[in-house]
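K.L.:
3D model of this:
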Amino acid sequence: MKKLLSVFILAMAVLFTACNSGENKNAETTTITDDPNQLYACSMDPEIIGKKDEKCSKCGMKLTVPVKATLSDTAAKNATTEQLAPTSVTPATTENSPVAKFSIATIVSNYIALKNALTKDDSKAAANAGKAMIVAFGKLDMKSLSNEQMKSYMDMADNAKEHAEHIGDNGGKLDHQREHFALLSKDVNDLIKAFGSSTKLYQDFCPMYDDGKGAIWISETKEIKNPYFGTQMLTCGSVKKEF
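P.N.:
Predicted coordinates for the structure are as follows:
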C-alpha cells in the first residue's frame, strides 16, 4: 500500500512540474511578443538592432526579426546586457533624419568657395577650395543610395574629383584652373539635378568664354559675378536656371 502511495505521489509531482514548466514557457513567450521594448534586427545586417520597423542604418530595410532569433548561441553568450538594452542601441535612421538622406551640401559649399575665388582672380584660394572639395567627396555618406543611384553618383563624382584635383594642384595658373572649372561646373550641375540642393542655387551662363562657345557655372546669388573672366569682365553673363 505504501509503495502504491509513493508511486502516486511521484506521478503527481512529475505532472505538476511539467505543468509549471509549460506555464513558464508560455509566459516567457508572451513577454517576448507583447513587450513594447522588444528589440528587432535587420534580416540583411543582423548586427543592426533597434525597435520594430525602424530602418537599418546599413541597407535601409525595416527591422523585423526578433533579436533572440538572429543571435547565434555564441553571440548570445558573448552579448552583454548593455549591448541589448534599448538605451544603448545605435538609433536607426528614419526618413526624416539627416543621415537617411544623401546630401551633397558640402560639395556645393566648397564649389561655391572655389567659384568666388575665381571671380576675384585669387588662384591660391581657388587651389585651396579645390583641395577642400576633394576632402569633402571623401567624407560623403553614401549608405542611403540605391545601387543605381550609387553608380550614377560615382560616374559624376569621379569626373568632378579629377577636375578639382587639377585646380588644387595648379595654384598660380588661373587659365588652367578656369578650364577645369568649366568642366567641374558641368559635373556639379549634374549632381544638383540628380540629388537636389538644400538651398536655392542659380545656373549662370557666360557667352564669351572658350572663344564664344560659352560655359555655365553655379552661383548662390542672382547677382552675376563671372568666374571665367574675374575682374576683367565681372558682370558678363546671365541667369539661365534656378534650382
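
K.L.:
Strands of this structure, start to end?
P.N.:
For the chain, the strands defined by DSSP state E occupy 40-41, 49-50, 65-66, 202-206, 215-219, 238-242.

K.L.:
which secondary structure elements does the second one contact?
P.N.:
Other helices and strands packing on strand 49-50, by 3 or more C-beta pairs under 8 Å, 6 or more residues apart in numbering; DSSP states H and E, are strand 40-41. In short, each C-beta sits where N, CA and C put it, glycine included.

K.L.:
in its sheet, what does the strand it packs on sit against?
P.N.:
Next to strand 40-41 in the sheet, as set by DSSP bridges, lie strand 49-50 (antiparallel), strand 65-66 (antiparallel).

K.L.:
of all these, which lies closest to Ser109?
P.N.:
When these are compared by C-beta to C-beta, strand 49-50 sits nearest Ser109, at 31.7 Å.

K.L.:
Looking at the closest one now, give me its mean pLDDT.
P.N.:
Strand 49-50 comes out with an average pLDDT of 78.

K.L.:
repeat for stretch 218-229
P.N.:
Averaged across stretch 218-229, pLDDT comes to 97.

K.L.:
buried ones in that stretch?
P.N.:
For stretch 218-229, a neighbour-count test (16 or more other C-beta atoms under 10 Å) marks Ile218, Ser219, Glu220, Ile224, Lys225, Asn226, Pro227, Tyr228, Phe229 as buried.

K.L.:
What lies in contact with that stretch?
P.N.:
Stretch 218-229 is contacted from outside by 108, 111-112, 115-116, 118-119, 178, 181-182, 185, 188-189, 192, 199-204, 206, 208-209, 215, 217, 233-239, 243, using C-beta atoms under 8 Å, 6 or more residues apart in numbering.

K.L.:
measure it end to end?
P.N.:
End-to-end distance for stretch 218-229, by C-alpha to C-alpha, to the nearest Å: 15 Å.

K.L.:
related to what we said a few turns ago, export the buried residues of stretch 218-229 to JSON lines and append columns for distance to Ala132.
P.N.:
JSON lines is the format used below for these (distance: C-beta to C-beta, whole Å):
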{"residue": "Ile218", "distance to Ala132": "16"}
{"residue": "Ser219", "distance to Ala132": "18"}
{"residue": "Glu220", "distance to Ala132": "16"}
{"residue": "Ile224", "distance to Ala132": "25"}
{"residue": "Lys225", "distance to Ala132": "20"}
{"residue": "Asn226", "distance to Ala132": "22"}
{"residue": "Pro227", "distance to Ala132": "16"}
{"residue": "Tyr228", "distance to Ala132": "21"}
{"residue": "Phe229", "distance to Ala132": "24"}
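
K.L.:
what's the farthest-apart pair in those residues?
P.N.:
Glu220 and Phe229 (19.0 Å).

K.L.:
if we can go back for a sec, could you dump the strands paired with strand 40-41 into JSON lines and include mean neighbour count and distance to Asn128?
P.N.:
Output for the strands paired with strand 40-41, formatted as JSON lines (neighbours: other C-beta atoms under 10 Å; distance: least, C-beta to C-beta, whole Å):
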{"stretch": "strand 49-50", "mean neighbour count": "24", "distance to Asn128": "41"}
{"stretch": "strand 65-66", "mean neighbour count": "16", "distance to Asn128": "49"}
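
K.L.:
Gln38 is nearest to which of those strands?
P.N.:
The closest of the strands paired with strand 40-41 to Gln38 is strand 65-66. By C-beta to C-beta, the value is 6.4 Å.
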